[in-house]
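Novice: When you get a sec, could you give me coordinates for this:
(2 chains)
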Protein chains: 2
Amino acid sequence: MTKRDSIGIGLMGLGVIAGQVAKVLAGKKEMLSEQVGCPLVLRKIKVLASDLERPVAKELNRRLFTLDEDEFFAEPGIDIVVEAIGGENPATHYQERALSGGKYVVTSNKEVIAKHGAKLLALAQQNKVGLRYEASVGGGIPIIAPLQHDLVANKISGIYAIINGTTNYILTMMAKQGVDFSLALKRAQELGYAEANPTNDIEGIDATYKLAILASLAFHSQVRPQDVYCEGISRLESRDFRYAQEFGYAVKLLAIAKQDDKWIEGRVHPVFIPEDSFLAKVDGVYNAIQIEGDLVGKVLFFGEGAGAFPTSSAVIADVVSAAQDILLGAGSRIKWQLKTGKVIKPMAEVETRYYLRLTVADSPGVLSQISKVLGDNSISIASAIQKESDKVAQTAELVLMMHPAKEAAMQKALKELEQLPVVKKIDNFIRVED
Amino acid sequence: MTKRDSIGIGLMGLGVIAGQVAKVLAGKKEMLSEQVGCPLVLRKIKVLASDLERPVAKELNRRLFTLDEDEFFAEPGIDIVVEAIGGENPATHYQERALSGGKYVVTSNKEVIAKHGAKLLALAQQNKVGLRYEASVGGGIPIIAPLQHDLVANKISGIYAIINGTTNYILTMMAKQGVDFSLALKRAQELGYAEANPTNDIEGIDATYKLAILASLAFHSQVRPQDVYCEGISRLESRDFRYAQEFGYAVKLLAIAKQDDKWIEGRVHPVFIPEDSFLAKVDGVYNAIQIEGDLVGKVLFFGEGAGAFPTSSAVIADVVSAAQDILLGAGSRIKWQLKTGKVIKPMAEVETRYYLRLTVADSPGVLSQISKVLGDNSISIASAIQKESDKVAQTAELVLMMHPAKEAAMQKALKELEQLPVVKKIDNFIRVED
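Specialist: Below you'll find the model as predicted:
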């Protein structure tokens, strides 16, 4: 055990997360010092000029700030770099520079870890330091550490996760208040739960990054964001929620990863899940991650998946843990143990159940024509609802729930259904996970 | 980092958990070796003569077995002792002997940790080894490690936990099937969810041990089992479940610990909790632990709280972690940081809401007499149901929900109510947590 007067922290960024990290380091100084065995001292903060206008900047010693990257990295006595800038660049470069310089890195940056985690972790090992990223998934919910340590005896077969608070808030509003997507999004933006440009969240991209991180850890095999099938929530309509309820389901944006002897499967898309399942009850901005292992069975982790306070909880825990490792001379204690990459299952091979909503001609024999197309593609109908005929247009709404089928078969059937004269429109198509 | 050919394991016990641990060590040899960096080798198993009749004994090399404690501890090359005997004695002595001999200890033994954890952890530190007990609470659910590491930046204010699967199974049966306690217990025993002598589980003692462990960790202050108020579920009747449902509540055996600036509060007893809360939905043998921290907000951990498979998941994780620490020369890395003990709040000072079920005379003015007694003790009634008069006995059933009151006031009021001639019987009295 090395004796040290202090462990030095360098902070990159001064946004909501970085600002809160700085506040906690100051406000919980004594408690953290007890945990580590010596004080954690904030030595430098790399900021942008605009950061200096933030209220938190007024609370901090101005001499900590630097606008200059080289000055930041030249600062002596920084043991741990906390990168909380977000985005791929320049954050990736900053992390590389820190690790190459023999500094531990703690980050909340899911995009950098999802895209460059394998390379960065190798760099950390080369330099005998650690890279920690608990805050990159699920805010304050412990999930990276449980996968790295507590569940290590398990062969993980599945991950089912609600890991984007923005979309879960929007879906909860649509389900509970019957509002449209655009209104729910507007409300989420007003409350600060969605960004002005919400694409990353609502199109599932953010969840894809997080799932790639979880799956890589759980399966010891690199899963890249581009290996994850991705579909967002913007095409969901309020009538889909009503039908979901009628069939006993909730609508969620799930991040799903599975592993069998042959394949790894990763996908983010809206699903119907049974309304009495735990994940169905995760509402608003909450997150939940369900892990299935051969020994542990099903375990679930639930909490606030974003926000400055919960995220700072995870960042500070990583800082404390890195500091303890520095004092122990433990180097890069945690490895991202990537074996030879397993084959990623193409989406076409994925088998699920399907919900299908169509506008059809209100005439006899329609259902039999549709079920023939489905049947020709080996898809059978589990139940059907026909509703609300439009007398003027002479159309009806037909909702079908299918038995399990392969995605490829379903996509082919959809194309064929589009060609049927009795099918006026394929309104929506949502996968079902039982 | 020390180079080692192997890490030696000594196993104490060959019951369901120990047997499963032995199987995992053999069956997942290669995977565990990769995680640790060298093989984990099972070197000795301390058994009782009766253990040799177990089926698992036939699968293991007979030369591993010893009936003799001294022979076990004399075995060279044991780095980690896994104590999975259970019970206070001789397990406490075995752990002491192992730690004093410079061996790491991994245990699933909640009774030993709850009663002697502080002493044993001090002994571990003296001997520069570690004592790990993830499996002592919540089976395979990661909860000890999250409290030790992931939530370390938080001031924890509350723990609300369902941590006894036996009682939760019984309560779920009583709620869902309307059966009596005795029948539900019998069913649980038939299924192996309750022991032949179920006292430890049904009277809340097991949950008390587990809560003492969680509260000590979360509050950095020693909470002993005797500091936890304890009431079991045996006096619950099926009509209490019906009234709970009528008021919108579920009935659970909760383990609750809270901390404020003045006091630590610990209690295990049946409660009414809102039926739409997460904990209300934790059914059967599942466990869930909800932690509230100043940064992280509310986080919840859910999974199977017992059983050989999940428990072995936690034991093996601790073994891997201990082995990694041995290779790092990390010694006793995790401290049970006990500050000067905070004052334990006497149960009399605890404030909750109450549900009260009484058999009363079916005559006018009864409610006013009862509410006067309650009012004299500063307890006010939130709602009342009067039902099912027994024409022959001229009695009625009166169910009251109270506004928050202190336990001392409620106990005094109960004594006074018993003296009222119109009160024939105080049938039940259950605390309510909103």
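Novice: Can you give the domain ranges for chain A?
Specialist: A:7-139+A:308-328, A:144-304, A:348-432 (automatic domain parsing).
Novice: Wondering if the longest helix anywhere in chain A reaches chain B at all.
Specialist: When chain A is parsed with DSSP state H, its longest helix is helix A:308-328. Yes. Residues of helix A:308-328 contacting chain B under Cβ under 8 Å from any Cβ of the partner chain: A:309-310, A:312-314, A:316-317, A:320-321, A:324, A:328. Just so you know, the C-beta spots here come from the backbone N, C-alpha and C atoms, and that holds for glycine as well.
Novice: Include pLDDT, neighbour count and distance to A:I162 when you put these into JSON lines, please.
Specialist: Converted to JSON lines, the residues of helix A:308-328 next to chain B look like this (pLDDT from 0 to 100; neighbours: other Cβ atoms under 10 Å in any protein chain shown; distance: Cβ to Cβ, whole Å):
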{"residue": "A:F309", "pLDDT": "97", "neighbour count": "21", "distance to A:I162": "19"}
{"residue": "A:P310", "pLDDT": "97", "neighbour count": "27", "distance to A:I162": "15"}
{"residue": "A:S312", "pLDDT": "97", "neighbour count": "30", "distance to A:I162": "21"}
{"residue": "A:S313", "pLDDT": "98", "neighbour count": "33", "distance to A:I162": "19"}
{"residue": "A:A314", "pLDDT": "98", "neighbour count": "31", "distance to A:I162": "17"}
{"residue": "A:I316", "pLDDT": "98", "neighbour count": "28", "distance to A:I162": "24"}
{"residue": "A:A317", "pLDDT": "98", "neighbour count": "28", "distance to A:I162": "22"}
{"residue": "A:V320", "pLDDT": "96", "neighbour count": "22", "distance to A:I162": "28"}
{"residue": "A:S321", "pLDDT": "95", "neighbour count": "24", "distance to A:I162": "26"}
{"residue": "A:Q324", "pLDDT": "91", "neighbour count": "21", "distance to A:I162": "32"}
{"residue": "A:L328", "pLDDT": "85", "neighbour count": "18", "distance to A:I162": "36"}
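Novice: rewinding a little: can you name the next helix or strand after the longest helix of chain A?
Specialist: Per DSSP states H and E, the first helix or strand lying C-terminal to helix A:308-328 is strand A:343-344.
Novice: for that next one, packing partners?
Specialist: strand A:263-274 (3 or more Cβ pairs under 8 Å, 6 or more residues apart in numbering or on different chains; DSSP states H and E).
Novice: Note down every partner strand of the strand it packs on and its orientation.
Specialist: strand A:229-230 (parallel), strand A:249-259 (antiparallel), strand A:343-344 (parallel), strand A:423-432 (parallel) (DSSP bridges).
Novice: And that strand, how far out from the chain middle?
Specialist: 13 Å (Cα atoms, centre = their mean, to the nearest Å).
Novice: Same question for stretch A:303-322.
Specialist: 16 Å.
Novice: Contact partners for the residue nearest to A:V137 when sequence neighbours are not counted?
Specialist: Closest residue to A:V137 apart from its sequence neighbours, by Cβ to Cβ, 6 or more residues apart in numbering or on different chains: A:K210 at 4.5 Å. Residues counted as contacts of A:K210 (Cβ atoms under 8 Å, 6 or more residues apart in numbering or on different chains) are A:110, A:114, A:136-138, A:161, A:163-164, A:255.
Novice: I'd like the distance between A:K210 and chain B.
Specialist: From A:K210 across to chain B, the span is 17 Å (Cβ to the nearest Cβ, to the nearest Å).
Novice: circling back to that earlier point, just the closest of the contacts of A:K210 to chain B, please.
Specialist: A:G138 (9.3 Å; Cβ to the nearest Cβ).
Novice: Test my guess that that closest one contacts A:N287.
Specialist: Yes. With contact defined as Cβ atoms under 8 Å, A:G138 counts as touching A:N287 (5.0 Å).
Novice: Looking at these two, which one has more neighbours?
Specialist: Between A:G138 and A:N287, counted using other Cβ atoms under 10 Å in any protein chain shown, the more crowded position is A:G138 (30 against 26).
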